[in-house]
Structures are given as C-alpha cells and as structure tokens.
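Participant: Quick one, fold the following:
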Amino acid sequence: MKDMLGRLANGLRVTFLGGLSLFWLAPLIPLIVIVPEFVQHIAEIDLGMFGSKDAFNALANDPMRWAFGYFKVAGVILATLAAARFIGGAGKRWWDLRTIAWKQFLIALALNIGSGLVGYAIKEAMDGDVPLVLDYGFQIATLPLLIYLVGPLWGDTSMTLRRAYTVGWIATLFAAFLSMLAFAPAQMLHEYNHTLAMGQSDAVVWGLMVWDSLLVGLMCCWMGAGLAAGYWLGRPPVLDSQVNMAETPEGQPA
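Facilitator: Below is the predicted model:
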C-alpha cells in the first residue's frame with residue numbers, strides 16, 4: 001500500500017511539475033501547439049466570433065476557422081506525444097526521431113486509428129444510440145492500445161500487444177487516469193476562456209487568447225507527462241537531472 005501511494009504521489013508530481021518544466025527544458029514542445037492555437041484565435045477575432053454568444057455559435061463551424069483548426073488539432077496530438085517522449089525517457093534528445101521504435105509505433109498507431117474507426121462505425125450503424133454497456137465496454141476493451149502506442153515513442157519495445165492486454169492493465173489505467181486528470185480541468189478552463197471573452201473589449205479578448213494559447217500548451221505537456229508517468233507506474237526511469245523527480249528505474253511497467 002505504501003509503495004502504491006508513493007507511486008501515485010510521484011506520478012502526480014511527474015505529470016504536473018514535470019509537464020510544467022517542459023516550458024523551460026524543452027520550450028519547442030509546448031510551442032508545437034501554442035503557435036497554431038494562437039493563429040486560430042487570430043482568425044476567430046478577425047471573424048468577430050467573440051462579439052457575442054450568438055456570433056460565436058453562428059461562426060463555430062466557419063470554414064476559415066476550421067482551416068486553422070485542423071492544424072491546431074494536429075498540434076495537440078504532436079505536442080502531447082512529444083511531451084510523453086521527453087518525460088518517458090528521451091529527455092532533451094526528444095527531437096532525435098531515430099530513437100523511436102518506428103515499426104512498433106506505426107503498428108500501434110494503425111491499431112488505435114482502426115479502433116477509433118470501428119467505434120465510429122458502431123455509432124453510425126446505431127444512429128448514435130449506442131447502449132452504454134456496449135459503448136463503455138468497447139472503450140475499456142481498446143484502452144490497452146494506449147500504452148502499446150506510447151512505449152515505442154522512447155524506443156521501448158518490451159510493451160508488446162500481448163503484454164499490454166495481460167500484465168499491462170495497471171499501467172494502462174494509471175496512464176489513462178493521470179492524463180485525464182490533467183486534461184479535464186484544463187479543458188474546462190479553456191472553454192471558460194472563450195465564454196469569458198464574449199462581448200469584451202479588444203484588449204481583454206487579446207489578453208485572454210494569449211493566456212488561452214499558453215494554457216493549451218500546458219495542457220498538452222501535462223497530458224503527455226501523465227501518459228509517460230502512468231506507463232512507468234509513476235517512476236519514469238530516464239529523466240534529465242534538471243527535472244526535480246525520481247531518476248531510479250524502479251518504475252518498470254508491469
């Protein structure tokens with residue numbers, strides 16, 4: 001029990017303090033999403049989205065907004081994976097893509113995309129009225145694909161698909177818990193920033209959008225750090241000495 005609580009405490013520390021530290025240890029990682037996020041905000045302001053709630057709702061699906069939105073979504077994914085790669089073991093050489101176990105990563109990526117498409121097909125076939133048991137059951141059944149995906153990011157090929165679905169469940173649940181704990185409140189604040197900006201003066205809107213872009217960068221760093229911390233059961237083995245966290249390899253995934 002003491003070891004479990006210690007791993008939980010360290011996992012939380014790695015997630016939130018380790019994720020925050022990327023702003024000065026590897027500032028390019030949060031910038032991967034901060035830049036496209038802010039560019040999209042510029043487009044939203046030019047469209048007049050923050051003039052009122054009605055204007056925001058009317059322009060939410062504007063083609064110009066989504067022309068930038070797709071780059072923002074890609075930035076979210078890439079920044080999260082880069083943060084996981086840094087915290088998970090690559091450290092300051094996170095940019096050296098040669099250390100990624102590409103074959104296993106691409107297989108895992110294909111399986112994750114495939115499971116998402118299957119889930120979408122099920123919802124379409126049932127006109128969105130999917131029984132909760134089936135919906136949650138499918139999500140739980142595909143959850144181990146999460147850690148099967150992140151391990152190869154720092155070159156770890158020990159987490160095979162079979163291992164993910166047998167002894168990897170604890171790491172899977174820990175990674176999902178930490179990343180969602182990082183995502184949920186940050187996403188709520190992200191949405192609140194938009195609501196708060198509606199009807200405000202230009203100076204207030206610009207200030208809120210700068211802050212919001214930084215928040216999204218922080219959210220991605222937290223989510224990536226949470227994935228890595230969960231994978232290693234709270235104790236990532238290879239961390240730069242500048243990160244004030246445990247550096248022992250005791251956190252080998254189950």
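
Participant: contacts, neighbours, all on C-alpha from now
Facilitator: Will do.

Participant: And the residue sitting furthest away from the middle of the chain, what's its pLDDT?
Facilitator: In the chain, the greatest distance from the average C-alpha position (CA atoms, centre = their mean) is reached by Ser201, at 32.0 Å. What the model reports for Ser201 is a pLDDT of 89.

Participant: Surely Gln104 touches Asp156?
Facilitator: No - here Gln104 does not reach Asp156: they are 9.3 Å apart, not a contact under CA atoms under 8 Å.

Participant: In terms of neighbours, single out the busier of the two.
Facilitator: Taking neighbours as other CA atoms under 10 Å, Gln104 and Asp156 compare with Gln104 leading, 22 against 18.

Participant: Now name the helix or strand holding that one.
Facilitator: Element membership of Gln104 [criterion: DSSP states H and E] is helix 102-125.

Participant: Centre of the chain to the helix or strand just after that helix, how far?
Facilitator: Downstream of helix 102-125, the next assigned helix or strand under DSSP H and E is helix 132-142. Here helix 132-142 is found 21 Å from its chain centre; the criterion is CA atoms, centre = their mean, to the nearest Å.

Participant: residues in contact with helix 132-142?
Facilitator: For helix 132-142, the surrounding residues in contact (CA atoms under 8 Å, 6 or more residues apart in numbering) are 115, 119.

Participant: same check, this time on stretch 85-98
Facilitator: Residues outside stretch 85-98 that contact it (CA under 8 Å, 6+ apart): 18-19, 25-26, 82, 99, 150, 153-154, 224-225, 228-229, 232, 236-240.
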